[in-house]
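In: Attaching a predicted model along with its sequence, questions to come.
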Amino acid sequence: MDQLRGKSSEQELIIQKARKRVIESIGNNMDLYGITQSIGHLYGLLFFQNKPMTLDEMGEAMEMSKTSMSTGVRTLVDLKMVNKVWEKGSRKDLYEVEMDWFQTFADFFGLKWRKAIEINLSSLRKSKTDLINLNNQYPDDTSLQEILSTDIEKIDEAIRYYIWLGRLIDSFESGEIFNLVPKDSPGTKD
C-alpha cells in the first residue's frame with residue numbers, strides 16, 4: 001500500500017484495520033446485488049485505491065488468479081459498479097470504482113426491476129387476455145364468470161402495481177427520486 005508509506009506502524013495498522021472492516025462489510029452485503037462475497041471484497045479493495053488498478057495488481061492484492069479477477073471485474077463492470085478507464089502510457093486495462101453509490105444503486109435496481117416488470121407484465125397481460133377470451137366463450141356460465149371476474153380483478157391490481165414500479169424506476173433513472181429523497185438531508189451526516 002504505497003499510499004501508507006511514511007506512516008507509523010500504529011497509524012498504518014489502524015487504517016488497514018478500518019479498511020478491512022469496511023471491505024468485509026461490503027463483501028457480506030453484496031448478495032443484495034446478486035454477487036458473491038469475494039467479488040464484494042474486490043469491490044472493497046478497489047474502493048480504497050486512489051488510482052485505477054490492473055487485473056494483475058488486483059490478483060496480487062487479493063491473492064487470487066487473474067482469471068478470477070477478470071470474472072469479478074467483468075461482473076462489477078456489467079453492474080456499473082466499476083468502470084474501465086484509460087491511462088496514458090498504459091497498455092493494460094485499468095479499473096476503478098464508480099464512486100457515486102446513489103447512481104450505482106439506481107442503475108442496478110433499475111435494471112433488475114425493469115427486467116422483472118417486463119416479464120411479469122407480459123405474463124399478466126397474456127393471462128388476462130386468455131381469461132377474457134374464456135369469459136367471452138361462456139357468457140352464460142355464471143359460476144365461471146365469477147371466477148374469471150375475480151381473477152381478472154387480481155391481475156388488474158398486479159398490472160397497476162407493475163406500472164407504478166415502472167414509474168418509480170423512471171424516477172431513479174432520471175434522478176427525480178433525489179428531489180423526493182435528497183442524497184443529503186439535514187442532520188444525516190456523521
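Out: That came through, no problem. Residues are numbered from 1 along each chain as shown.

In: which residues touch the residue nearest the centre of the chain?
Out: Geometric centre of the chain, nearest residue: residue 108, 3.0 Å, by C-alpha atoms, centre = their mean. Taking C-beta atoms under 8 Å, 6 or more residues apart in numbering, we find residue 108 in contact with 33, 79-81. Quick note: C-beta positions are derived from backbone N, CA and C, even for glycine.

In: For those, work out which two are farthest apart.
Out: 33 and 80 (10.7 Å; C-beta to C-beta).

In: Please identify which of these two sits among more neighbours.
Out: Applying other C-beta atoms under 10 Å to residue 33 and residue 80 shows that residue 33 carries more neighbours, namely 19 against 15.

In: for that one, what are its contacts?
Out: So residue 33 contacts 79, 81, 108 (C-beta under 8 Å, 6+ apart).

In: Next, the residue nearest to the centre of the chain: secondary structure please.
Out: In the three-state summary, residue 108 is assigned as helix, counting by DSSP: H, G, I helix; E, B strand; the rest coil.

In: What is the distance between the host helix or strand of residue 121 and the centre of its chain?
Out: Using DSSP states H and E, residue 121 sits in helix 101-137. Taking C-alpha atoms, centre = their mean, to the nearest Å, one finds helix 101-137 lying 19 Å from the centre of the chain it belongs to.

In: continuing past it, what's the next helix or strand?
Out: Counting by DSSP H and E, the next helix or strand C-terminal to helix 101-137 is helix 142-174.

In: next structured bit after that next one?
Out: Following helix 142-174 in sequence, per DSSP H and E, is helix 177-180.

In: export that next one as PDB, just CAs?
Out: Written as PDB, here are the backbone C-alpha positions of helix 177-180 (Å, rounded to 0.1, in the frame of the first residue of the first chain):
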ATOM      1  CA  ILE A 177     -36.000  10.400  -6.900                       C
ATOM      2  CA  PHE A 178     -33.300  12.600  -5.400                       C
ATOM      3  CA  ASN A 179     -35.800  15.500  -5.300                       C
ATOM      4  CA  LEU A 180     -38.100  13.400  -3.200                       C
END
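
In: What is that helix packed up against?
Out: On a contact count with 3 or more C-beta pairs under 8 Å, 6 or more residues apart in numbering; DSSP states H and E, helix 177-180 meets helix 142-174.

In: Show me what the helix or strand containing residue 17 is in contact with.
Out: Per DSSP H and E, residue 17 falls inside helix 9-29. Contacts to helix 9-29, defined as C-beta under 8 Å, 6+ apart, come from residues 1, 4, 7, 37-38, 40-41, 43-45, 47-48.

In: Just the ones of these in helices?
Out: Of those, the ones assigned to helices by DSSP state H are 37-38, 40-41, 43-45, 47.

In: From those, list just the buried residues.
Out: 40-41, 43-45, 47 (16 or more other C-beta atoms under 10 Å).

In: Tell me the one among the residues you listed nearest to residue 123.
Out: Ranked by distance to residue 123 (C-beta to C-beta), these are led by residue 40 at 32.3 Å.

In: Next one, pLDDT for that closest one please.
Out: pLDDT recorded at residue 40 is 90.
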